[in-house]
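Undergrad: Everything below, folded, please.
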Amino acid sequence: MNRIIDRISKVAALALAVAVLGCNGELNEGSAPVALVVSTTQNVQLIELNPDVAQFDIDCLENIGTVTLRVVSRGRTDLTGTANQVRVTRYRVSYQRRDGGRLVPASFVRPMDTLITVGTFSGLSDFVVIEPDAVTQAPFAALLPQNGGRDPDTGRPIIEMDVIMEFFGETLGGDNVYDATRFPIDFCYDCGGCA
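TA: Numbers count the residues shown, from 1 in each chain. Purely as a prediction, here's the structure:
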């Protein structure tokens, strides 16, 4: 009798696990009838860290690029009213090395407040991808001449990484929305300016 009860308990536990996992995938995909879609255009990929060079290079004064936030329907055609508008409340910036190095700047979160209607978009061109004091910290500090001018992980005078921007918000109906984008940026010191 104990074997039968034990076997029934295992089958019930397995069925419960399958049911929970099945629902979990649906919850992770989001129940919002709209999706936040983030895309980028990039103007500058190489950032000069030497302020004496950068101040005279017109490319260093240009915006890195533009981030476009759009709200699109997830297949529904009856999206009327304000409940499906999306309020984007913050973005997070993190980094991933492309050159085999390990050190990256600290990630950070910036608040924002943008309301976007289904079928429209909002363009951001004035956003922060690196904190101003990060230039004097790892990994960039190693590129300064007084610190050897080379990344200790790669031995190169340039650091190549992807900037990852994640945007968070919710519909006015209360559903969470999220999307992310990434773009490459290389950093160097005294390499002839931005490009």
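
Undergrad: I'd like to know how far residue 151 sits from residue 99.
TA: 8 Å (C-beta to C-beta, to the nearest Å). C-beta here means a position set from N, CA and C on the backbone, and glycine is covered the same way.

Undergrad: what sits in contact with each of these two?
TA: Here residue 151 and residue 99 have 158-159 as joint contacts, going by C-beta atoms under 8 Å, 6 or more residues apart in numbering.

Undergrad: Mind checking which of those two has more residues around it?
TA: Higher neighbour count among residue 151 and residue 99: residue 151, with 24 against 13, using other C-beta atoms under 10 Å.

Undergrad: show me the residues around the more buried one that make contact.
TA: 99, 101, 103, 139, 142-143, 157-159.

Undergrad: Are we agreed that it is in a strand?
TA: No: per DSSP: H, G, I helix; E, B strand; the rest coil, residue 151 lies outside any strand segment and is coil.

Undergrad: Quick check: beta-bridge partners of the spatially most central residue of the chain?
TA: Most central in the chain under C-alpha atoms, centre = their mean is residue 165, positioned 1.9 Å from the mean C-alpha point. Beta-bridge pairing for residue 165 (DSSP bridges): residue 93, residue 181.

Undergrad: Please report how far it lies from residue 90.
TA: From residue 165 to residue 90 the distance is 11 Å (C-beta to C-beta).

Undergrad: before we move on, what about residue 194?
TA: 28 Å.

Undergrad: got the contact list for the residue nearest to the centre of the chain?
TA: Residue 165 neighbours (C-beta under 8 Å, 6+ apart): 38, 40, 67, 91-93, 127, 129, 180-182.

Undergrad: can you tell me the average pLDDT over stretch 55-67?
TA: Averaged across stretch 55-67, pLDDT comes to 91.

Undergrad: contacts for it?
TA: 38-44, 47-48, 53-54, 123-127, 129, 165, 181, 183, 185, 193-195.

Undergrad: Sort out which of these are buried, if you could.
TA: 38, 44, 47-48, 53-54, 124, 129, 165, 181, 183, 185, 193-194 (16 or more other C-beta atoms under 10 Å).
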